[in-house]
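Q: I would like the atomic coordinates for the input below:
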Amino acid sequence: VQLVESGGGLAQPGGSLRLSCAASGFTFSSYAMSWARQATGKGLEWVSGLDYDGVLTDYADSVKGRCTLSRENAKNTLYLQMNSLQPGDTDLYSCATGAPLNRYASWGQGTQVTVSS
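A: Model (predicted):
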């Protein structure tokens, strides 16, 4: 299993970023997927998850209404569109297999999101 995140970077408050997670080594279309985030010294926070075909999605209260999770199974790719970014969104964002997250999840290395003026 390999998960490679991209799309992070520096954004201004109120700005947007689109994170991507490219999957390989497993049957992506058969797996629910999640995004989670973590800052240095902080615990892991689940952000969002969706089912294998992208019909059912769920979001943490902290991002609900500002983020949209989607997937493109033909491209083995998961996306997280983040709008109205806030400084509190500054974290390392990682994608993982499974939703909800569980001990058997496989994780990518993450992509850093920094929100600052």
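
Q: OK, contacts around the most centrally placed residue in the chain?
A: By CA atoms, centre = their mean, the chain has its centre lying nearest to residue 35, at 3.1 Å. When contacts are counted by CB atoms under 8 Å, 6 or more residues apart in numbering, residue 35 touches 19, 21, 46-49, 69, 78, 80, 93-96. Yep, even glycine has a C-beta here, placed from its N, CA and C like the rest.

Q: likewise residue 115?
A: By CB under 8 Å, 6+ apart, the residues touching residue 115 are 10-13, 15, 85-90.

Q: give me the buried entries from those.
A: Using 16 or more other CB atoms under 10 Å as the burial test, the contacts of residue 115 include 11, 85, 89-90 as buried.

Q: reformat the residues you listed as a markdown table; add distance to residue 29, secondary structure and pLDDT.
A: A markdown table is the format used below for these (distance: CB to CB, whole Å; DSSP: H, G, I helix; E, B strand; the rest coil; pLDDT from 0 to 100):
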| residue | distance to residue 29 | secondary structure | pLDDT |
| --- | --- | --- | --- |
| 11 | 30 | strand | 98 |
| 85 | 30 | coil | 98 |
| 89 | 29 | helix | 96 |
| 90 | 32 | coil | 96 |
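
Q: which one of those is nearest to residue 63?
A: Closest to residue 63 out of the buried ones among the contacts of residue 115 is residue 89 (7.6 Å), distances taken as CB to CB.

Q: touching, that closest one and residue 80? I think so.
A: No - the pair residue 89 / residue 80 is not scored as a contact, 11.0 Å apart, by CB atoms under 8 Å.
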